[in-house]
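Participant: Everything below, folded, please.
(one chain, ligands or ions: 1)
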Amino acid sequence: MHQSTPQSDSSYDAKDIQVLAGLSAVRKRPAMYIGSTDAKGVHHLVYEAVDNSIDEALAGFCTNISVMMHDDGSITISDNGRGIPVDMHPKLNKTGVEVVMTKLHAGGKFDKKVYKVSGGLHGVGISVTNALSKELAVEVKRNGKVYVQKYQYGKPVTELEIKGNVDLKDTGTSVTFLPDEQIFSATEFSFDVLSSRLRELAFLNKGIKITITDERAGKSNEFQYDGGIISFVEHLNKNKNPLHKTIYANKAKNGIQFEYALQYNDGYQENVYSFANTINTYEGGTHLIGFKTALTRVMNNYVEKNKIKGMKLTSEDTREGLTAVISIKIPEPQFEGQTKTKLGNSEIKGLVDSIVNDSLGSFLEENPAVAKSIIFKCINAAHAREAAQKARELTRRKGALNHGSLPGKLADCSEKDPAKCELFIVEGDSAGGSCKQGRNREFQAVLPLKGKILNVEKARLNKIFENEEITTLVTALGTNVGEEFDIAKTRYHKLFIMTDADVDGSHIRTLLLTFFFRYMQPLIEAGYVYIAQPPLYKVAKGKAVKYVYSDDELNKLLAEIGRDDADLQRYKGLGEMNPQQLWETTMDPGNRTILQVTLQDAVEADKMFTLLMGDQVEPRRKFIEMHAKEVINLDV
Ligand code: 0RA
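Facilitator: Numbers count the residues shown, from 1 in each chain. Coordinates of the predicted model:
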């Protein structure tokens, strides 16, 4: 059977024309709808499809969602919801399936009663996925039948056809698509990127089971959390030392639902994630402001009411060692900010403030032991803040931290435009010396570091100001640190971490990355941080000399030129290279290979730094045991 599409001109009304105009607009300016046309944009196509399934789950009709990455580069998102309606839409003269797949914002036009998350970030829905796919097939199980319709570049190429019968109770929607490589600069899906978003969705929508399978690599993950955001907080605090059981509240007011979960640990990092309609609001917004305001007030009220000796707590004091997830679901979210991830609805601030104020206030009154440990932690943070202020002043008076007086160890470049300037942060004075001689002093600056810098994972800001290596680095960068950090003041837009290819070098690199991640994260987000890639080997045969950067590359080269009379030198340290070699292999922009440090997944990155640099030994031991096999060069 074929469902008929109207052919007569009279039934082809203005709305249909808008539909067509809609999708071609998406193809013309894709970035307007999905943010970008790089790898991030491609993943967005998946999220639009998944959001529809999540809505079906929130409406109470779907329990399982699965994502399947196929060999041919396509991907399938399936759910066991009601299935997209297959009957004709009365006004549009198209099947429900075709309306949903071709009309912008059409995700849930049929049923206004329930609350929706889809069409969130850019407000568009699954039709955008369709518009930007070379091929898409939608399969609906409904009314005991299996319906299929195929599309290319957003346009239907078949009718909605019945392909077979199923049990009446077996319902659901399954969408398979192949992104259009003419639109996207990268069309590959990443299992890790998808997994981390799907896990986040499973945390934010408690009970829903979400699975992801990579057919190519033969891997899969399953996410289901009956604890919802409580499980999320416990996941974030894994490998940290929590001070108490997770505190949780969930309230609905005026059609808006707000929940939060929080738990302090004995560390110094703040780890607060905010969501609006399951979208990660990286830029915060009114829900986060309301939460922070209430948190500060509740703690100060408790101190005052219980006549605890201390001082007035600032908002920062109440967030040291705090891990929290706040999640709001509202009918009409307004997203603002550079990346449209800042919640703008003004009425939300007061609402969240009052929910947190009441629930957390009573919790502390009812749980004095927990209250005491949290308040003690906050007061300690306040004392440390005062100490840090003094240390900062002292460092400032000594001339460091200020723009203007640069550290003596820094060999600066002559160029003044930060966008053109590079800084090489080099392990050791001898390598630093070669680096200074080898560089192009016009735009390349060199800062040698003595030995190991402080492990900031286990220290507060006051200790950081007392650490000479770190203050030297901060001064050279020009950005200041902590609350006074300002990325606009960065004196170099490329920072190269350059350490030896041995265990100590790796340690120093990790210490530096920990510092950048914890105290200057915007530098990483802006793409300013790089790892220099000095060669591992020098291979000489006759007069020809080649530098090799990995063991793989070495084996290939040796297979090519023959092992026999090749002269092989393994560089253990940067110091073994003369300035000219260092320039040619590692610093010359025309010749070098560089590795940009990116931050794909803040949750995973936080866990990794906690694991590697934090104070719990057992999880680190396990991690090292698990990965020991992967280590190839270990010089000890
Ligand atoms: C419109 C109306 C209804 C469900 C859906 C759309 C729907 C869309 C998608 C996309 C992926 N999975 C989906 N599941 C459902 C309500 C149908 C009804 O009233 O029975």
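Participant: contacts and neighbour counts: CA atoms only from here.
Facilitator: OK.
Participant: I'd like the next helix or strand past the top helix by length along the chain.
Facilitator: The residue-count maximum for a helix in the chain (DSSP state H) belongs to helix 368-397. Scanning forward in sequence from helix 368-397 by DSSP states H and E, the next helix or strand is strand 422-427.
Participant: which of the residues in the longest helix of the chain are buried?
Facilitator: 370-371, 374-375, 377-382, 384-385, 387-388, 391-392, 395 (16 or more other Cα atoms under 10 Å).
Participant: Show me the strands in the stretch 401-550 of the chain, by range?
Facilitator: Taking DSSP state E, counting those that start in this stretch, the strands of the stretch 401-550 of the chain run over residues 422-427, 444-449, 494-498, 529-532, 537-541, 544-548.
Participant: Quick one: closest of the ones you listed to the ligand.
Facilitator: Of all these, strand 529-532 sits nearest to the ligand, with 39.8 Å by Cα to the nearest ligand atom.
Participant: could you give the mean pLDDT of that closest one?
Facilitator: Strand 529-532 carries an average pLDDT of 94.
Participant: Starting from it, tell me which strands it pairs with and how they run.
Facilitator: Using DSSP bridges, strand 529-532 pairs in its sheet with strand 494-498 (parallel), strand 594-596 (antiparallel).
Participant: From the chain's centroid, how far away is that strand?
Facilitator: Strand 529-532 has its C-alpha centroid displaced from the chain centroid by 19 Å (Cα atoms, centre = their mean, to the nearest Å).
Participant: Name the residues that touch it?
Facilitator: Contact partners of strand 529-532, identified using Cα atoms under 8 Å, 6 or more residues apart in numbering, comprise 494-499, 523, 586-587, 593-597.
Participant: Please identify the helix or strand for D71.
Facilitator: Under the assignment here (DSSP H and E), D71 is part of no helix and no strand.
Participant: quick revisit: what is the longest helix of the chain packed up against?
Facilitator: Under the contact criterion of 3 or more Cα pairs under 8 Å, 6 or more residues apart in numbering; DSSP states H and E, helix 368-397 touches helix 347-366, helix 461-466.
Participant: helices and strands around the longest one, which ones?
Facilitator: Pointing back at helix 347-366 there. Against helix 347-366 (3+ Cα pairs under 8 Å, 6+ apart) you get helix 286-305, helix 368-397.
Participant: My read is that D412 contacts Q444, right?
Facilitator: Yes. Counting by Cα atoms under 8 Å, Q444 is a contact partner of D412 at 7.2 Å.
Participant: Comparing the two, which shows the higher neighbour count?
Facilitator: Q444 (25 against 22; other Cα atoms under 10 Å).
Participant: Name whatever forms a beta bridge with that one.
Facilitator: Following DSSP bridges, Q444 is listed with bridge partners E422.
Participant: which residues in the stretch 1-150 of the chain form helices?
Facilitator: Assigned by DSSP state H, counting those that start in this stretch, the stretch 1-150 of the chain shows helices spanning 14-28, 30-34, 39-58, 96-102, 126-131.
Participant: closest one to the ligand among those helices?
Facilitator: helix 39-58 (4.3 Å).
Participant: pLDDT (mean, whole number) over that closest one?
Facilitator: 93.
Participant: what do you get for stretch 127-137?
Facilitator: 97.
Participant: got the CA coordinates for that stretch in CSV?
Facilitator: Extracted C-alpha coordinates of stretch 127-137, given in CSV (Å, rounded to 0.1, in the frame of the first residue of the first chain):
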residue,chain,number,x,y,z
SER,A,127,14.1,17.8,10.1
VAL,A,128,17.4,19.4,10.2
THR,A,129,19.1,16.1,10.5
ASN,A,130,17.2,15.1,7.4
ALA,A,131,18.0,18.2,5.5
LEU,A,132,21.8,17.7,6.1
SER,A,133,21.8,14.0,5.3
LYS,A,134,22.7,12.5,1.9
GLU,A,135,20.4,9.6,2.7
LEU,A,136,17.9,9.1,5.5
ALA,A,137,15.5,6.3,6.2
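Participant: Name the surrounding residues that touch it.
Facilitator: Residues contacting stretch 127-137 (Cα under 8 Å, 6+ apart): 23-24, 26-27, 30, 33, 45-46, 48-49, 100-106, 148-155, 175-181, 183.
Participant: now swap in stretch 554-561 and tell me
Facilitator: Y537, V548, A566.
Participant: check contacts around the first one.
Facilitator: So that's Y537. Per Cα under 8 Å, 6+ apart, neighbours of Y537: Y547, V548, Y549, S550, L554, L568, Q569, R570, Y571.
Participant: The closest residue to V50 other than its chain neighbours: how many residues sit nearby?
Facilitator: Nearest residue to V50, sequence neighbours excluded (Cα to Cα, 6 or more residues apart in numbering): I77, at 6.6 Å. A count of nearby residues for I77, using other Cα under 10 Å, gives 23.
Participant: One more: the one 3 residues further on?
Facilitator: Counted with other Cα under 10 Å, the neighbours of N80 add up to 22.
Participant: list the contacts for it?
Facilitator: Counting by Cα under 8 Å, 6+ apart, N80 makes contact with F61, C62, T63, N64, I65, D170, T171, G172, T173.
Participant: go again using 6 Å as the cut-off
Facilitator: C62, N64, T171, G172 (Cα atoms under 6 Å, 6 or more residues apart in numbering).
Participant: try N241
Facilitator: Under the criterion of Cα under 6 Å, 6+ apart, the neighbours of N241 are N265, D266.
Participant: all numbers from here: first residue = 53
Facilitator: New numbering, starting at 53: the last item is N293.
Participant: Tell me the confidence at it?
Facilitator: 96.
Participant: do the one 4 residues further on as well
Facilitator: According to the per-residue confidence, K297 scores 97 in pLDDT.
Participant: so D219 touches G196, yeah?
Facilitator: Yes. Counting by Cα atoms under 6 Å, D219 does reach G196; the two are 5.2 Å apart.
Participant: Now the closest residue to Y334 other than its chain neighbours: phi and psi?
Facilitator: In this structure, Y334 finds its nearest non-sequential neighbour in T393, 5.7 Å apart by Cα to Cα, 6+ apart. As for T393, its main-chain torsions (degrees, to the nearest 10) stand at phi -120, psi 30.
Participant: separation between T393 and L525?
Facilitator: 32 Å (Cα to Cα, to the nearest Å).
Participant: And for G259?
Facilitator: With Cα to Cα as the criterion, G259 and L525 are 47 Å apart.
Participant: more neighbours, those two?
Facilitator: Higher neighbour count among G259 and L525: L525, with 23 against 17, using other Cα under 10 Å.
Participant: any idea of the pLDDT on the residue lying closest to that one once chain neighbours are set aside?
Facilitator: Distances taken as Cα to Cα, 6+ apart place L499 nearest to L525, at 7.8 Å, with adjacent residues excluded. Here the pLDDT value assigned to L499 is 97.
Participant: Next, count neighbours for L499.
Facilitator: Neighbour tally, L499, other Cα under 10 Å: 25.
Participant: Low-confidence ranges, the stretch 553-688 of the chain, go.
Facilitator: 683-688 (pLDDT under 70).
Participant: Quick check: the residue of it nearest the ligand.
Facilitator: Taking Cα to the nearest ligand atom, the stretch 553-688 of the chain has D653 as its residue nearest the ligand, at 26.0 Å.
Participant: Quick check on that residue: phi, psi?
Facilitator: phi -140, psi 100.
Participant: Quick one: neighbours of it, just the number.
Facilitator: Count around D653 with other Cα under 10 Å applied: 12.
Participant: who are the neighbours in contact with the closest residue to the ligand within the stretch 203-352 of the chain?
Facilitator: Closest contact between the stretch 203-352 of the chain and the ligand, by Cα to the nearest ligand atom, is at T225 (4.8 Å). Going by Cα under 6 Å, 6+ apart, T225 touches S130, D131, G135, E191, V192.
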